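# My questions concern the predicted model and sequence given below.
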Amino acid sequence: MEEDTEETEETNDSEINVKIREISREVIKVTETSKDYRIKYSNGDIYEGEIDEKTNLKDGWGIYYFINGEKYEGFFEDDIIESMGKYYFLGDHTYEGEWYQGKK
């Protein structure tokens, strides 16, 4: 089921705060222990993965597709890249390892 939402997320893009608004959310997979969602954002980014249904934040395993072609696969905690994950940069460079509060 797809639904509109009014939530926003602030990011820092070249030291300019940009508001990214969630434009749609749908359940794409349900298991006995979790649900996976696809969330589309106003800037073209897409997240597919787990959400904490109490806080409504990215939490658990997920994949974040950036509109510029980069991608992150790994864990999130409270909407932030956290723990183990792999980031695919443009130009075929990757980083795989530990993340802490969104930083490698």
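Now that the structure is in, tell me what you want to look at. For clarity, every value in this text was computed on a predicted model and none was experimentally measured.
# From here on, just use CA atoms for contacts and neighbour counts.
Fine.
# May I see the buried residues of stretch 60-69?
G60, W61, G62, I63, Y64, Y65 (16 or more other CA atoms under 10 Å).
# Stretch 51-59 now?
The neighbour-count check on stretch 51-59 (16+ other CA under 10 Å) flags I51, K58, D59 as buried.
# which of the residues you listed lies closest to D45?
K58 (13.7 Å; CA to CA).
# Specify the residue positioned farthest from the middle of this protein.
Distance from the C-alpha centroid of the chain peaks at E32, with 22.3 Å (CA atoms, centre = their mean).
# Could you list the buried residues of the longest strand along the chain?
Determined from DSSP state E, the single longest strand within the chain is strand 16-30. For strand 16-30, a neighbour-count test (16+ other CA under 10 Å) marks I20, R21, E22, I23, S24, R25 as buried.
# of the buried residues of stretch 51-59, closest to K40?
Nearest to K40 out of the buried residues of stretch 51-59 is K58 (CA to CA; 12.7 Å).
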